[in-house]
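Peer 1: okay, structure incoming, though there's no sequence with it:
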């Protein structure tokens, strides 16, 4: 993995962490109703969602190593 790929992977990780923190803080401020907690529950309940997330991670890391 060269420098640009490592930077892109790091930036995407930071963005994902900020999105998760935003969802959790919005849920804490406005209450965890159906709309705020549904994506997290879906990811926890659906094994297919984990397969999709894992496939995306493998694709990003594999692309970085191939180039």
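Peer 2: That came through fine. Since the structure is predicted, the reported quantities are computational estimates derived from the model, not experimental observations. Numbering: from 1, shown residues only.
Peer 1: what mean pLDDT does the helix ranked longest in the chain have?
Peer 2: Under DSSP state H, the helix in the chain containing the largest number of residues is helix 3-30. Here helix 3-30 scores 79 as its mean pLDDT.
Peer 1: other SSEs contacting it?
Peer 2: Applying 3 or more Cβ pairs under 8 Å, 6 or more residues apart in numbering; DSSP states H and E, we find helix 3-30 packed against helix 34-45, helix 47-66. The way it works is simple: take the backbone N, C-alpha and C, and place the C-beta from them, glycine included.
Peer 1: out of those helices, which gets the lowest mean score?
Peer 2: helix 34-45 (a mean of 68).
Peer 1: nearest residue to the middle of this protein?
Peer 2: Nearest to the geometric centre of the chain sits residue 16, at 4.8 Å (Cα atoms, centre = their mean).
Peer 1: any idea how far that one is from residue 53?
Peer 2: From residue 16 across to residue 53, the span is 10 Å (Cβ to Cβ, to the nearest Å).
Peer 1: sorry, back to before: how far does the longest helix of the chain sit from the chain's center?
Peer 2: 7 Å (Cα atoms, centre = their mean, to the nearest Å).
Peer 1: for the remainder of this discussion, apply numbering that starts at 146.
Peer 2: With 146 as the first residue, the last one maps to helix 148-175.
Peer 1: what's the angle between it and helix 192-211?
Peer 2: Helix 148-175 and helix 192-211 are oriented at 150 degrees to each other (axes from the mean of the first three to the mean of the last three Cα atoms, to 10 degrees).
Peer 1: would you mark the buried spots in helix 148-175?
Peer 2: Along helix 148-175, no position meets the burial threshold by neighbour count (16 or more other Cβ atoms under 10 Å).
Peer 1: cool, and stretch 189-196?
Peer 2: Buried residues in stretch 189-196 (16+ other Cβ under 10 Å): none.
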